[in-house]
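Participant: need a structure here:
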Amino acid sequence: MAGAFQDYISELFEPLGGVAFRRMFGGVGIFRGGIMFALTIDDALYLKTDEASRPRFIAEGVGPFVFDSRGKTVTTSYWRLPERLFDERDEFADWAAEALAVAERLHKPKSGKVRKSAPKAGR
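Facilitator: As a prediction, this is how the structure comes out:
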């Protein structure tokens, strides 16, 4: 993500504080506290959703980020931000905060423990 779009997106996310951008998979992941809650690809912004938040996106007529992998279509839980929200900063902040809350709820921290195989019988 470079140029004017990145600058604008960075500005939109400022109220959340501590948001970081990281290049990945041909786009940019948007993180806070190490948890990804949004992404941009081809100058489109997608926010993390769950069953509870998804109806807002459906009502706005937008859809999920989809991509092809090994001949199969993969549908993600990241849904496109309605275009009107780029001009509605307060409402954008609400949607972004909800996406962050969804990502935090769904986040499964890595344990950091290395699993050891159980010893085989007879040894």
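
Participant: I figured residue 19 hits residue 33, correct?
Facilitator: No - contact between residue 19 and residue 33 fails when scored by Cβ atoms under 8 Å: they sit 9.5 Å apart. Using the backbone N, CA and C atoms, a C-beta is placed for each residue, glycine as well.

Participant: the more surrounded of these two?
Facilitator: residue 19 (19 against 12; other Cβ atoms under 10 Å).

Participant: what comes up buried for the lowest-mean-pLDDT helix or strand in the chain?
Facilitator: Every helix and strand of the chain was ranked by mean pLDDT, DSSP states H and E. The lowest is helix 4-13, at a mean of 88. By neighbour count with 16 or more other Cβ atoms under 10 Å, helix 4-13 contains the buried residues 9, 12-13.

Participant: one more: stretch 29-43?
Facilitator: Neighbour counts using 16+ other Cβ under 10 Å place 29-32, 36-41 of stretch 29-43 among the buried residues.

Participant: just want the most central residue of this protein.
Facilitator: residue 38 (2.7 Å; Cα atoms, centre = their mean).

Participant: doesn't that residue fall inside a helix?
Facilitator: No - if the criterion is DSSP: H, G, I helix; E, B strand; the rest coil, then residue 38 is strand and not within a helix.

Participant: check contacts around it.
Facilitator: Contact analysis of residue 38 by Cβ atoms under 8 Å, 6 or more residues apart in numbering lists 13, 29-30, 45-48, 78, 96, 99.

Participant: how about it, nearest residue that isn't a chain neighbour?
Facilitator: residue 30 (3.9 Å; Cβ to Cβ, 6 or more residues apart in numbering).
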